[in-house]
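just to be clear, the model below is a prediction. Sequence and coordinates:
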Amino acid sequence: MKKLVIGNWKMDPSDSKSALKIVKGVVKGLSKIKNIDVVVCPPFLFLPELVKKTRSKKLQFGAQDIAAFPEGSHTGEISGVQLKTVGTSHAIIGHSERRALGETNELIAQKVETSLQNKLHVVLCIGERRRDESNGKHLEFLKTELLESLVHVDEKELKNITIAYEPIWAIGAEEAMHPEQIHEMSIFIKKVLSEKFGPESGMKTRIIYGGSVNSANIEEIMRDGHIDGVLPGRASRDPKEFNEIVRVVAEK
Ligand code: PGA
């Protein structure tokens with residue numbers, strides 16, 4: 001399984017010139033990088049131009065969100081077909097910042113379904129708001145999030161899905177989650193997937209981590225976290241930072 005680094009630019013930058021500059025910087029850093037999926041997710045607005053102007057096959061583009069419906073009257077939404085048409089290959093679904101705006105597991109499950117129908121690789125985000133080591137309630141919470149978001153998925157579609165484990169308290173924070181805990185959580189997620197889809201597919205699913213990943217902690221996260229990639233936010237808008245993250249992940 002190829003590792004994945006997927007950068008979520010969120011609502012930055014403010015203009016297309018700056019967006020193009022970031023992409024150019026990222027592409028430069030990819031010249032010697034092999035055997036890894038590298039994706040950036042700019043704001044929707046910049047996607048068509050960035051895809052058109054990027055010659056490198058090493059960089060792919062993703063959406064930060066997708067409409068839950070294939071077509072129809074949905075003001076302000078962007079459909080899977082539209083994303084596919086402009087050359088998008090991945091879709092982040094269920095990011096905690098979207099969930100905070102009211103997205104439910106049910107809606108997210110529809111988004112997963114429409115993404116798969118449009119052959120977009122799904123990066124499904126799950127993560128607990130807080131951990132409670134005394135009763136393990138956060139594990140129950142995660143299990144529900146995961147299973148409810150995947151209700152429309154069958155075993156053979158699982159290969160088109162990556163799970164991004166993003167504990168909410170570690171997003172936009174000063175420090176990432178402890179790598180040993182990341183490892184534990186990825187085992188837990190694989191166990192839940194194996195129970196639902198069978199061990200063969202469950203164990204093979206790509207699990208990545210997100211939450212304050214940067215060039216300073218990536219080495220440790222990959223070494224002790226034993227995961228299949230990362231989803232940086234802030235660090236993905238700086239090509240130098242992002243390229244260093246990609247370099248370390250590609251070497252592991
Ligand atoms: P961060 O964001 O890397 O800035 O913490 C991660 C995310 O929002 O997925």
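Nice, thanks for sending it over.

just give me the neighbour total for the residue of the chain found nearest the ligand.
Closest residue of the chain to the ligand, CB to the nearest ligand atom: Gly233 (2.3 Å). Bear in mind the C-beta positions are built from the backbone N, C-alpha and C, glycine included. Using other CB atoms under 10 Å, Gly233 has 22 neighbouring residues.

would you confirm that it contacts Asn214?
No. Because the distance of 9.9 Å does not satisfy CB atoms under 8 Å, Gly233 is recorded as not touching Asn214.

what bridges to the residue nearest in space to the middle of the chain?
What sits nearest the mean C-alpha location of the chain, by CA atoms, centre = their mean, is Val123, with 4.2 Å. Beta-bridge partners for Val123, by DSSP bridges, are Ile92, Thr162.

returning to that earlier point: contacting residues for the residue of the chain closest to the ligand?
Counting by CB atoms under 8 Å, 6 or more residues apart in numbering, Gly233 touches Gly7, Asn8, Trp9, Lys10, Ile171, Gly172, Gly210.

just checking, the last one touches Ile227?
Meaning Gly210. No. Between Gly210 and Ile227 there is no contact under CB under 8 Å: 10.2 Å.

overlap in contacts, the two.
With CB under 8 Å, 6+ apart as the test, Gly210 and Ile227 both reach Tyr165.

quick check: residues of the stretch 1-150 of the chain near the ligand?
Asn8 (CB under 6 Å from any ligand atom).

quick one, strands of the stretch 1-150 of the chain?
Ranges of strands in the stretch 1-150 of the chain, per DSSP state E, counting those that start in this stretch, are 3-8, 36-41, 59-63, 90-93, 121-126.

now those strands in JSON lines, with mean pLDDT?
Below are those laid out as JSON lines (pLDDT from 0 to 100):
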{"stretch": "strand 3-8", "mean pLDDT": "98"}
{"stretch": "strand 36-41", "mean pLDDT": "98"}
{"stretch": "strand 59-63", "mean pLDDT": "98"}
{"stretch": "strand 90-93", "mean pLDDT": "98"}
{"stretch": "strand 121-126", "mean pLDDT": "98"}
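
possible to save the ones you listed as TSV with distance to Thr104?
Output for those, formatted as TSV (distance: least, CB to CB, whole Å):
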stretch	distance to Thr104
strand 3-8	21
strand 36-41	22
strand 59-63	19
strand 90-93	12
strand 121-126	13
